[in-house]
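Visitor: pasting a predicted model and its sequence here:
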Amino acid sequence: MHSKQSASDAGMATYNLVNETVPTIQNPDVRHALAERLRYYNELGIYDFYRRERNGVPSESVSGEMEPEVAANLQQDMREEMPPRKSTVVAEVPDENGFQSLAPNPEQGAADSIAGLRLIREDLGDCTRCKLHQQGRKQIVFGVGNPHAELMFVGEGPGADEDAQGEPFVGRAGQLLTNMIKAMGLRREDVYIANIVKCRPPGNRTPERDECETCSPFLMRQIAVIKPKVIVALGAVAAKNLLAMNASMSELRGRFYDFMPAGARSSDPAWQGAKLAVTYHPAFLLRDPRQKGESWKDLQMVMKFLGLPMPSSVPK
């Protein structure tokens, strides 16, 4: 496999929420974590913040504290993208290692990825965190594949076949995805496959915003445990949720994004995140086979990055 290179070296687009007008936090990891946290709160409709004293010490005197103008700049940038709602939340003080308000997840102490994924699944349990558990789901569809995979596919949500079998992408769209993986010179067992939401939405409708926000933290933890080199977002719902940006498929496709799972930490400090590519969902390709060639271009971009041989045939 090719070694990783920076997006700037490769001439690829990056996804970066950090505003250039934020000079007071120098550590880029802290700045990125801060921006991701504020975006997460803004996605929930939270824009107003206050600061809490820590151990009786006013926050203004804590080293590395978020300056008010920093929060204001970041909030203003993201407020332009989303309608405001009413709410208030405490903004914790970041340190050089990230946010102290982020409690470590149990999988961070796991011996390996297999154990880590098992701990996440146990934490998920018989999930009743969103309304999907009341709307006819048969079982939770957690994810399947190689826990050490360099390539991960993320779809939208389970369909009827997936809900029945408890495994993602096993219906007609799943068969096409398997063929796409084979065309890349890989086996389904070589990659990891998951969805934004782990329960089937009724009638295969698009997952709603609150459902995605409730379920996606478990996906982020899965990604942090697996530590893939590349993630392929299948379809607009997966892409927009992973990237937290609203754009058309034509705008999202054809490039790599730097991706670090929000709110989750890898136990391996050497893992600096994944490259994320966007392509069409296999279900869409079944409805419009003319786009298979375009999707194949996206997969070839991924293959080139991973150093895989380049077959010329388009998957059927």
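Guide: Looks like it came in fine.
Visitor: C-alpha from now on. contacts and neighbour counts both.
Guide: Fine.
Visitor: and the strands in the protein?
Guide: Counting by DSSP state E, the chain has strands at residues 48-51, 88-91, 94-95, 98-99, 144-145, 151-155, 192-195, 230-234, 257-259, 274-279.
Visitor: ranking those by mean pLDDT, which is last?
Guide: Looking at those, the lowest mean pLDDT belongs to strand 88-91 (a mean of 33).
Visitor: tell me which residues in the lengthiest helix in the chain are buried?
Guide: Across the chain, the longest stretch assigned as helix under DSSP state H is helix 209-226. Within helix 209-226, the residues scored as buried using 16 or more other C-alpha atoms under 10 Å are 211-213, 215-226.
Visitor: residue 275: which of the residues you listed is nearest?
Guide: Relative to residue 275, the closest of the buried residues of helix 209-226 is residue 223; by C-alpha to C-alpha it sits at 11.8 Å.
Visitor: pretty sure the closest one contacts residue 259?
Guide: No. Proximity of residue 223 to residue 259 does not meet the contact threshold set by C-alpha atoms under 8 Å, at 10.2 Å.
Visitor: residue contacts, the closest residue to residue 219 other than its chain neighbours?
Guide: Residue nearest to residue 219 in three dimensions, not counting chain neighbours: residue 196, with 6.7 Å by C-alpha to C-alpha, 6 or more residues apart in numbering. By C-alpha atoms under 8 Å, 6 or more residues apart in numbering, the contact list for residue 196 reads 154-157, 212, 215-216, 219, 238, 241.
Visitor: the same query, at a cut-off of 6 Å, please.
Guide: By C-alpha atoms under 6 Å, 6 or more residues apart in numbering, residue 196 lies in contact with 156-157, 216.
Visitor: any idea of the pLDDT on it?
Guide: At residue 196, pLDDT is 98.
Visitor: let's number from 12 now, not from 1
Guide: Got it, first residue is 12 now, which makes that one residue 207.
Visitor: and it, its phi and psi?
Guide: phi -60, psi -50 (degrees, to the nearest 10).
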